[in-house]
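Chemist: the following block contains a protein sequence and its predicted model.
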Amino acid sequence: MGSAVITARAAATFDPVGRSVATARTFVRDTLQGWGYTDVVDDAVVLTSELVTNAVVHAGTAADVLCLRTEDGVRVEVSDRYPEREIPLQSTGLDFGSPDRESGRGLLLCAALASRWGVEYTPTHKHVWFQLDLPQRPVGIRSAGPLLPTPLLPVADERVRVAVVQIDSSGSLAAWNDDATFLFGYTADQVTGKQLTDFAAWPHTPGTNTGIVDALQLSRWEGSYGIRGADGRTIPVYASHLRVRDTQGEPSTVCLLVREYERAVLQSPVRTPVSDAGAENRATDPFEVFIGSPAPDDLDGLLQRTVERARDMLDADAAFLLLATDDETELEVRATTGLPSARQRFARVPVEAGTGRYGSARMPAVHEDLTAVPGAVPLLGGTGMRSVVTVPLKVEGRLTGSLGVAAEAPGRYTNEEALRLQFAADRIALAVESARLGELERLRRGSLSFLVEASDLLAGTLDRDQTLALMAQMTVPTLATWCAVYTIADQSSEPYLSYVLHEDEELIDGLKALLSKIAPPDPVPTPGARVWAAPSEAAHEAALRTSMRSLGLSESTALGSGIRSTLATAAAVGGETVVLPLVARNRVIGMLTLGKPSDDHFRQEILELAEDLSRRAALALDNARLYSERMAISQSLQRSLLPPGLPDVPNVEIEVIYRAAGEGNEVGGDFYDVFPIRDGAYGFAIGDVCGTGPEAAAVTGLARHALRLLAREGFGGPAVLERLNAAILDEGARSRFLTLLYGELWPQEDGSALLKVVCAGHPLPLRLRQDGTVEAAAEPQPLLGVIEDLELYEQTVTLAPGDVLLCVTDGVTERREGTRMLGDDGLADVLTTCTGLTAGAVATRVLRAVERFAAEPASDDMAILAMRVPEPPAV
């Protein structure tokens, strides 16, 4: 790091598992935010994600992450233990490869985002490091501005109101002065002790802002946001925060707030170098004359200052500024002043609005009376403005925006005013374009970080409902105020409203009810966002009907919370609503619907980010669907391989417990069966087919049905198994070997039960006598599906009253905890404790003992079959 002084360090090691990538991102994000380096957090997170992925996923080693802080920036080092891997260095002239290639992207990103980066080797480690320098933020230096004519001075009310608010260490309001009461309508008693976040309307554009919680922790912060007033309106304010501590060492934040248009009262001057020689003779910058010094250092502040100065320069009633999209086909409203609604931000109008010179935003235009040419300036429709002058903003001949001023009186403007406004537009066009490009770069980097984390979350689940919830939670409130997800089961199905989310939880039910009453959007596969007007129109109609009822204009005059709910829902969905198709594997599987509140619009960059997210979400949702279908098929097949129920056997208790391992998406090989053979005789079996999946299921089905058929044809136990062995071998390459315990049961008149059993390679059955002794009830014989000519024999066992016969699969006896295994002896010890228990209690106790033997979930299927001859009732 050269001669820079390290002021803090943080280190962590991450295991070579996939989830370590997300953990590493969180570690770096938390570390840099704790240091107050929020400007470089997104870039650091993206670079760390790629480098840790290279280490733990591609190299398969642990990754060591070290963060080093200096006054000028941060250095992050990622080390792995695979030093022999070839790393293409810039200095070698090797090609980095395609950005779409899976490998090598970490170094491509380092080259693109980092101030400096490099690779270092040791005999045991490889270190990839990158340096991110903090942007120069000139604040806090005292300076004197130039002398300005009175018309160019900042505008303020006759009495400037400065709200002074103090926030304690928990984020609660501790002090609230009289000007704050005047500006926002709350008394000190109403707000003291409440969180600032209850009142602040903080911008949510990813990558372009510091969060409100972060801002309150910084030593100094300036910027714009909104405060929700007592009347429900959001008041734009400009704020200056200062972190202080009292005499007891307790930190708090003092916030000074003024109305947004009075920001010059608080805004810190920019740090400008002062020349000792010739300063007085320096020519006045025309840009500074128009904008004022110091100029705002953010795009929104610059645009707002521009419209305010344009309005004042031509003594207008309103002013507006629009920025052109990259293809110069549309203009997006970015700043207004004096218009009835401040919610026109991000509304879009075409560059070519009509025919002739005045129909294009590429040329200056003067309209003496808009009533004579309705629709000439779409933004001013219904505002009461009569005369307007608009001029283009151009950089190197390319249209970058449009600046306009308007008045309520007709005939206010001539070509002379158009020339003055064009002169001002030429002075600020380059600065506006530069600030716009800077904002786009910050948004791009924030979007990249957002998509990395979104992809990681979506890839972490195969549950359909959880995927739907994640889709909505990632879009609200980051991209939209509310979200609805429609899903389409198949090509012949109608879209179904599957999930609804609003940033205000109290409005979710009303929003869902509203969307349920209107037809869903058409499932059009065309990529990109398209406007959907139905929710806004339905909300306005519902609000109108509710208002008429409240005024007694209809038959129903009942008032209550329903009216307030309807009006709130109408306001929540009254803005722009867009629909993005969810396309996976060339099929529309649903729609992602995003909405804004009344009169609000989406900016183009947010729609592009939402489109990118929708592609990832669609694939994750389709993967979850395929997984669910596969799991349903597997579970249905598994159920078909087990008997539908157990027969009632006279004077014998029978209990079976079956537990499939895993998540249910694979058909297991364990099975059991108990069935009547003829009057007074019953067959029972418990077996385990090698492997899982369809081939194991085929052998399982063959075995269970062949046992029943052969037993009912009168064959004894050895003959049944020998014929089953031949049938398995006839399957050829599809065959699987099978361990099987088969027996026949005859309840006796004296209360006992006679059993004849054959144990073909299966764990031996255990007999529990009344006195607590446990012994094997059969001898081991060869398993099925391996040897062609089998000679098996059966063994006779008599269960006296109180005796238990326990039969299990190897998932029970081979239960492991490290190097320990339950085994036959461990199972016998458990069975010894079951004297006097019913068959159901015996099976349950065995299952509990197996589950408690190891902390990890079972990795193999388990089947437990317990048979008990009950003792005769006491006389």
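Modeler: Right, received. Where do you want to start?
Chemist: which stretches of the stretch 651-800 of the chain form helices?
Modeler: Assigned by DSSP state H, counting those that start in this stretch, the stretch 651-800 of the chain shows helices spanning 694-712, 717-729.
Chemist: can you give me the strands for the stretch 601-750 of the chain?
Modeler: Using DSSP state E, counting those that start in this stretch, the strands of the stretch 601-750 of the chain run over residues 653-659, 670-678, 681-689, 738-747.
Chemist: sorry, back to before: and the helices of the stretch 651-800 of the chain, which one's lowest on average pLDDT?
Modeler: Ranked on mean pLDDT, the bottom entry among the helices of the stretch 651-800 of the chain is helix 694-712, at a mean of 85.
Chemist: that older thread, so which of the helices of the stretch 651-800 of the chain is nearest Val812?
Modeler: Closest to Val812 of those is helix 694-712 (CB to CB; 18.1 Å). C-beta here means a position set from N, CA and C on the backbone, and glycine is covered the same way.
Chemist: okay, buried residues for that closest one please.
Modeler: For helix 694-712, the neighbour count (16 or more other CB atoms under 10 Å) marks 695-700, 702-704, 706-708, 710-711 as buried.
Chemist: what of stretch 830-844?
Modeler: Val830, Leu831, Cys834, Thr835, Leu837, Ala839, Val842, Ala843, Thr844.
Chemist: make TSV out of these and add distance to Gln748 and secondary structure.
Modeler: Listed next are these as TSV, based on distance: CB to CB, whole Å; DSSP: H, G, I helix; E, B strand; the rest coil:
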residue	distance to Gln748	secondary structure
Val830	28	helix
Leu831	23	helix
Cys834	23	coil
Thr835	22	coil
Leu837	22	coil
Ala839	18	helix
Val842	21	helix
Ala843	23	helix
Thr844	27	helix
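Chemist: which ones are touching Asp426?
Modeler: Lys394 (CB atoms under 8 Å, 6 or more residues apart in numbering).
Chemist: where does it land in three-state SS?
Modeler: Under the three-state scheme (DSSP: H, G, I helix; E, B strand; the rest coil), Asp426 adopts helix.
Chemist: which phi and psi does Glu794 have?
Modeler: Taking degrees, to the nearest 10, you get phi -110, psi 150 for the backbone angles of Glu794.
Chemist: longest strand in this protein, by number of residues?
Modeler: strand 234-245 (DSSP state E).
Chemist: how about it, which residues are buried there?
Modeler: Ile235, Val237, Tyr238, Ala239, Ser240, His241, Arg243.
Chemist: element containing the nearest residue to the second one once chain neighbours are set aside, please.
Modeler: Translated: Val237. Distance criterion CB to CB, 6 or more residues apart in numbering; nearest residue to Val237, sequence neighbours excluded, is Leu257 at 4.5 Å. Here Leu257 sits within strand 251-259, counting by DSSP states H and E.
Chemist: Pro647 - nearest residue in space that isn't next to it in sequence?
Modeler: Ranked by CB to CB, 6+ apart and with sequence neighbours excluded, the top spatial neighbour of Pro647 is Pro676, at 5.3 Å.
Chemist: got the contact list for the one you found?
Modeler: Pro676 is in contact with Pro647, Tyr682, Gly683, counting by CB under 8 Å, 6+ apart.
Chemist: distance of it from Glu744?
Modeler: Pro676 is 11 Å from Glu744, where distance means CB to CB, to the nearest Å.
Chemist: contact partners of stretch 317-324?
Modeler: With contacts defined as CB under 8 Å, 6+ apart, stretch 317-324 is touched by 303, 306-308, 310-311, 330-339, 349, 351, 361, 379-380, 383, 385, 399-408, 432, 436.
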